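Trainee: sequence and predicted model, in that order:
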There are 6 protein chains.
Amino acid sequence: MRTNTALKAWREGRPTVGAWLTANSAFNAESLAHVGFDWLCIDLQHGIVDYADAVTMLQAISTTEVVPLVRVPWNDPATIMKVLDAGASGVVVPLVNNGEEAARAVAACRYPPLGIRSSGPARARMVNGADYVEAANSEVACVVMIETAEALTRLDEILGTPGVDAAYIGPADLAFAIGLPGKGDNPHPRHLETVQTIVEACQRHGVAPGIHTNSVEYTQKYLDLGCLMVTLGSDTGFMTAKASADLKTVRSALPSTIDVDV
Amino acid sequence: MRTNTALKAWREGRPTVGAWLTANSAFNAESLAHVGFDWLCIDLQHGIVDYADAVTMLQAISTTEVVPLVRVPWNDPATIMKVLDAGASGVVVPLVNNGEEAARAVAACRYPPLGIRSSGPARARMVNGADYVEAANSEVACVVMIETAEALTRLDEILGTPGVDAAYIGPADLAFAIGLPGKGDNPHPRHLETVQTIVEACQRHGVAPGIHTNSVEYTQKYLDLGCLMVTLGSDTGFMTAKASADLKTVRSALPSTIDVDV
Amino acid sequence: MRTNTALKAWREGRPTVGAWLTANSAFNAESLAHVGFDWLCIDLQHGIVDYADAVTMLQAISTTEVVPLVRVPWNDPATIMKVLDAGASGVVVPLVNNGEEAARAVAACRYPPLGIRSSGPARARMVNGADYVEAANSEVACVVMIETAEALTRLDEILGTPGVDAAYIGPADLAFAIGLPGKGDNPHPRHLETVQTIVEACQRHGVAPGIHTNSVEYTQKYLDLGCLMVTLGSDTGFMTAKASADLKTVRSALPSTIDVDV
Amino acid sequence: MRTNTALKAWREGRPTVGAWLTANSAFNAESLAHVGFDWLCIDLQHGIVDYADAVTMLQAISTTEVVPLVRVPWNDPATIMKVLDAGASGVVVPLVNNGEEAARAVAACRYPPLGIRSSGPARARMVNGADYVEAANSEVACVVMIETAEALTRLDEILGTPGVDAAYIGPADLAFAIGLPGKGDNPHPRHLETVQTIVEACQRHGVAPGIHTNSVEYTQKYLDLGCLMVTLGSDTGFMTAKASADLKTVRSALPSTIDVDV
Amino acid sequence: MRTNTALKAWREGRPTVGAWLTANSAFNAESLAHVGFDWLCIDLQHGIVDYADAVTMLQAISTTEVVPLVRVPWNDPATIMKVLDAGASGVVVPLVNNGEEAARAVAACRYPPLGIRSSGPARARMVNGADYVEAANSEVACVVMIETAEALTRLDEILGTPGVDAAYIGPADLAFAIGLPGKGDNPHPRHLETVQTIVEACQRHGVAPGIHTNSVEYTQKYLDLGCLMVTLGSDTGFMTAKASADLKTVRSALPSTIDVDV
Amino acid sequence: MRTNTALKAWREGRPTVGAWLTANSAFNAESLAHVGFDWLCIDLQHGIVDYADAVTMLQAISTTEVVPLVRVPWNDPATIMKVLDAGASGVVVPLVNNGEEAARAVAACRYPPLGIRSSGPARARMVNGADYVEAANSEVACVVMIETAEALTRLDEILGTPGVDAAYIGPADLAFAIGLPGKGDNPHPRHLETVQTIVEACQRHGVAPGIHTNSVEYTQKYLDLGCLMVTLGSDTGFMTAKASADLKTVRSALPSTIDVDV
């Protein structure tokens, strides 16, 4: 069984930096895999990626040593099992509100007797090794998202659930949860304070804290806070940020161009 | 018939800045279309994009006012006609060596009696207007690439071919053509000199000069030279440049991370 | 934020006519968008369309001003959120039985504090404007389907649910619900009576009544009844109806042709 | 309405042999359809196949008389209805634990008043005949999977549920359920005994017993036990088994080849 | 070897009526196949269909007895051979100008010694029978298009080429060829006269005459002229014609609707 | 630059065994890559695979160390360059008749000054290393096919062309070329003799001889003859051979089953 190097880092308290894949493009995925992130997470929740796309993206990531994760659209056992069968080394499960839901997410990630995962690792065994079914329970990462008001009142319950490997904060939803506008990379003091509370709770429970960002600034800020699973940005975000900045530089020095109304 | 705003700018001597689409992703295309480029060029030659992908990308670009171009893999009438039918506002034809080849490219872009384009504008009429067949000959851009040794000896022949709207330099192939290593954004004096020669020939013939770059620096340099059709970069290029730079920044401040060998 | 013109019409009591997209073809979608319907609804329930297809179809519809709707397969928050993120201006939710289920559908369409929609409008923000997250709650249409026996006993409960913008009748399922064979464009008096009952209940609650048809005749009949969201037909339905009628005309005048057994 | 020949065989107590489709390839599907299996089952649970793939595979199978089945990822009415609308002649529903869940699976397969299936047989009517909605309830096969510990304690409850046509054993999950490692083609006596218990329960209830295998040996063994729906192997399984065996034969006689580390 | 019923009809002097497939949708193809046309032609020239789409469409047509044809983008042996390998029962080759080009088209359709077709009927053998390689030369239809000015001066040369089964007129290109605007269903007397000339030449050479139309009127007119291979319309054409007509009817009776600018 | 291990073996006179990919399935490709072949060849000529499929299959193969080759549909520089850009380590070029055509194939595989390959290794550089453009000329394999009557008269001309790395025999076309029915794995003495002639010519010119087979028997026979690039079989061939054999075994022992007419 191939080692899940991201999960290993979290268990050893070492930070990891990854990126988010929101476009349905295996070429984007393969290109970012060659950039050197610790893991890449294919977004089936908010991106425009579907399961069939995810399979090609998982194959593209497997051309490198980068750890492939998938954020599923919902805490749904069928989808969690299916992306694991396709070769994801872990799942990120959104909107986990309480211990029961955390346990439901974990159960879908683990073969019996630990969980209810059904046997049939179509691509996962091919990629990870012939002993996959025996070894997967300890190498598949179960990452729950902490981002709702209810979850904030049940942190210990969620983080104390056996099998939860990491807790990933969705900062925009978290902002909603504490009565702020739904915005990530959030400078509001109450937001930062809430993030700190979650990180500390994670540390108490031996769970790796993680969070989404769209910038170097917030990545560094959260790494400094102790987050071990930090997203630096997304495929599309990197692309449009660079293109916009460079185009602005070029346009500003141009006397006159055609006006494109987008 | 919808006006080809890029072609109009070239005819009026105004510069345009565009980007290259190398990934088979309509979402990348749509995202870059919203960045504000004058045109986007779908690469069927060197990218990993196929015709079916190009159709979805043309649709994605059509959600904005950005002008969609396609670089075809070869000076092949069937492919040129087919991408125009799918809604491209112009084609970029690689490796044009002489006047005869330039005329062949033009002929594929024009309905009779000017050319040999076959009638059947499946998507082009829908997107551009009911009078498409009548008006297309003056709104479809035919861009020939100047990038081979033979072409350098036949510049006037190529650029004097009626119907050639722009001449686009492939700088890496041009480097090969003058005996240098195949590299774009090329600082070699002989390379720059060759580019200048081509630009001046274009200006003599009333053809818009264009060139490919991967940077603000070279975009500005070539705009200063008089190029009217300059590529600032590509989808994948923007994405990986930004991701690499930001990741490097973050990594440099990190004590220890997992080592991913890519 | 781009105005949802269909939703605006319903709020102002003006009728709208749309079409249903059942084939997984962005070219069909774009072609019908150019016909001039007020809205097009991509069918993820009974059609053969999958989410990845829907994304390309949403892009195709966005090349025009037509309002894109999606019928989801089930009253499932994850799918509702995901199609909205992909740029649907509203969802049609099948088989809503009671007020609780109506509230569940609405909640998935609204950001907190009105609902539980998670923040991440990948394509929706690009298409609708930078203020999407702030403005979406009032521009995204939530359309519940009334088509089950239980729903008929709970019309006021469903239609009184805050946030329900329209109620769309599935006439074949409605036929089942009242003990008739499952057939749309249904001439049975009890069917018409039931439709009238639902329309009147909608009018009482300020909810736009809507219904599916496959013909001009029933479209006109239901518009006369006061329906504000009427489907005239589907991509495949239009195509095969015209092809069958024309082929029959041609065949009837032909002396002898080959017999194709289909 | 086209006859479901597999279902007819089960009702008449005649055995059928089929194969599993785990790769997202309509060409694989069509190729295996021409091999002469009684039915082919597209796996949406463990394979890497998505709904859009399944539609093309269903079309490919429809070029022959072979009966197309689909294993859905979960006992979820929306998915069951959607694959039936796409032309599946039956569904295999995994992880059915008790009578209530069996009834839920059946209900999704049957139009009212027998079930809750929503009317809209997009492709199914085209393939099976104009009377599809009237006749489908007796021609669509509902196959429940018996593979969990709970199900073993509720066999009579599950198999006694009206509308259950067959019970299909997932042998690897069944191994988990009785405390063995998760392995199919399982020689453990307790495994065989459990299979026998299920087969006998099926026979008591007039339900066709079925089981998954990966070999001639186990196919024959289970046919001898009375199983009427036996899977001989999968697309990918057949392919890699033959390729591995033949390559091994060839390699063993070769003096020296390059070493490929896979 | 399955009989090519369209080719058989042409050989026996019986007319056939078909339809054109311009959208990349196997569901459109399957739906039209069930309408009862003698043949369907997948358009790889002007449609937005690519080879990969064509394969799925060929599979969809093979669910019926309808004869599948493919119009290739160009008189290119590689493409002709590849669509035949994928199961097309014949090809329509555009823009054939003279006898040499006609012979080139024929050669690509025939195995040696008659032609140069390479052996490898991946899907064709599966669909047509194990004796495909032996029998294909007499069952594969080679249809050349007559639509250029040069072709009009070389009708006997083209039509006298051994192996040409039918000659299909592209009426819009033909209009160009005789100095008229590029329009099909063309009422100009000179256009009709030219069509007649071609039909008579076909009859002289025992080649089946064919032509493209978009209407019942022109289909009947050309059948009356003796055309044996007449296209009644296209998938998208049928769809939008019916949708536009019906929508116009409905709109005309509506007091006020929203204005959608398309 | 990653070493082309297949090419290296041929240069050192060591035999290699590979397989052919004819289905458009990246999962098939990945599965066969794990079986342990020295190389896999994606068939764009006779298979049903298109370029877009090939890209995903190349990515799938890149998850292992197996060498990816592509057979192009025709000796066409544009296609050869494009599949190399997508990451193929070599191309197999069909129907090469003479030295001029061999030189044309080689030129498309080599950057100037050796050839005319255009610079733009979109995916190839990512997969093979940053020095790809500098090193590719000596690591990309150019394999020409010997299978026509003309080629048999010009063996020395073809095999003496600088840059030809291997010569691959298409046995069915070769049978045509010598007046036999088009059949591979061909026992006819004249066929074997012709193969021997080609192999010896290859050995004289230091070109690796190769050939296609569908069986262990012919693989061994040709390895014994000195072939260094032997195809053992294809994805679909392995699959259907095993499925047919196993099904036959099972059926023969079954008393009565349903009859499926395929």
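Mentor: Arrived safely. Numbering: from 1, shown residues only, chains lettered A, B, ... in the order given.

Trainee: what's the neighbour count on residue A:110?
Mentor: The number of residues packed near residue A:110 is 18, by other Cβ atoms under 10 Å in any protein chain shown. For the C-beta atoms, the positions are set from N, CA and C on the backbone; glycine is no exception.

Trainee: would you confirm that it contacts residue A:117?
Mentor: Yes - using Cβ atoms under 8 Å, residue A:110 is in contact with residue A:117, at 5.7 Å.

Trainee: show me what the helix or strand hosting residue A:126 is packed up against.
Mentor: Using DSSP states H and E, residue A:126 sits in helix A:124-128. Where contact means 3 or more Cβ pairs under 8 Å, 6 or more residues apart in numbering or on different chains; DSSP states H and E, helix A:124-128 is packed against helix A:132-139.

Trainee: hmm, the helix it packs on touching chain D?
Mentor: Yes - using Cβ under 8 Å from any Cβ of the partner chain, we find that helix A:132-139 touches chain D at A:133-134.

Trainee: would you mark the buried spots in that helix?
Mentor: By neighbour count on 16 or more other Cβ atoms under 10 Å in any protein chain shown, the buried set for helix A:132-139 is A:132-133, A:136-137, A:139.

Trainee: quick one, grab the pLDDT at the residue of the stretch 1-150 of chain A found nearest chain C.
Mentor: In the stretch 1-150 of chain A, the residue that lies nearest chain C is residue A:46 (2.8 Å; Cβ to the nearest Cβ). Per-residue confidence (pLDDT) for residue A:46: 97.

Trainee: need the contact list for it.
Mentor: A:22, C:81-82, C:85, C:118, C:120-122 (Cβ atoms under 8 Å, 6 or more residues apart in numbering or on different chains).

Trainee: ok, now how distant is it from residue A:231?
Mentor: Noted for residue A:46: a distance of 13 Å to residue A:231, by Cβ to Cβ, to the nearest Å.

Trainee: check residue A:126 too.
Mentor: Using Cβ to Cβ, residue A:126 is found at 28 Å from residue A:231.

Trainee: compare those two (neighbour count), which wins?
Mentor: Between residue A:126 and residue A:231, residue A:231 has the larger neighbour count (other Cβ under 10 Å), namely 27 against 22.

Trainee: how about the nearest residue to that one, chain neighbours excluded?
Mentor: Leaving out its chain neighbours, the residue that sits closest to residue A:231 by Cβ to Cβ, 6 or more residues apart in numbering or on different chains is residue A:212, at 4.7 Å.

Trainee: can you report how many residues neighbour the nearest residue to residue A:66 once chain neighbours are set aside?
Mentor: Distance criterion Cβ to Cβ, 6+ apart; nearest residue to residue A:66, sequence neighbours excluded, is residue A:33 at 4.6 Å. When neighbours are defined as other Cβ under 10 Å, residue A:33 has 26 of them.

Trainee: hang on, isn't residue A:33 packed against residue A:58?
Mentor: No - assessed by Cβ under 8 Å, residue A:33 is found out of contact with residue A:58, at 10.6 Å.

Trainee: my read is that residue A:45 contacts residue C:121, right?
Mentor: No - Residue A:45 lies out of contact with residue C:121 (Cβ under 8 Å); the separation is 11.8 Å.

Trainee: for residue A:48, phi and psi?
Mentor: With angles defined as degrees, to the nearest 10, residue A:48 sits at phi -100, psi 20.

Trainee: report the contact partners of it.
Mentor: Residue A:48 sits next to A:22-24, B:27, C:55, C:85-86, C:122-123 when contact means Cβ under 8 Å, 6+ apart.

Trainee: which members of those are classed as buried?
Mentor: A:22-24, B:27, C:55, C:85-86, C:122-123.

Trainee: quick one on the thing from earlier: ok, the contacts of residue A:46 vs residue C:226, which is closest?
Mentor: Within the contacts of residue A:46, the smallest distance to residue C:226 is 31.6 Å, found for residue C:81 (Cβ to Cβ).

Trainee: residues near the residue nearest to residue A:62 when sequence neighbours are not counted, how many?
Mentor: Of all residues not flanking residue A:62 in the chain, residue F:63 sits nearest, at 4.2 Å (Cβ to Cβ, 6+ apart). For residue F:63, the count of nearby residues is 24 (other Cβ under 10 Å).

Trainee: hang on, residue F:63 packs against residue A:127?
Mentor: Yes - counting by Cβ under 8 Å, residue F:63 touches residue A:127, with 7.0 Å between them.

Trainee: between those two, what contacts are shared?
Mentor: Listed as contacting both residue F:63 and residue A:127 by Cβ under 8 Å, 6+ apart are residue A:62.

Trainee: OK, contacts around the closest residue to residue A:46 other than its chain neighbours?
Mentor: Once flanking residues are discounted, residue A:46 sits nearest to residue C:120: 2.8 Å by Cβ to Cβ, 6+ apart. Counting by Cβ under 8 Å, 6+ apart, residue C:120 touches A:43, A:45-47, A:172, C:85.
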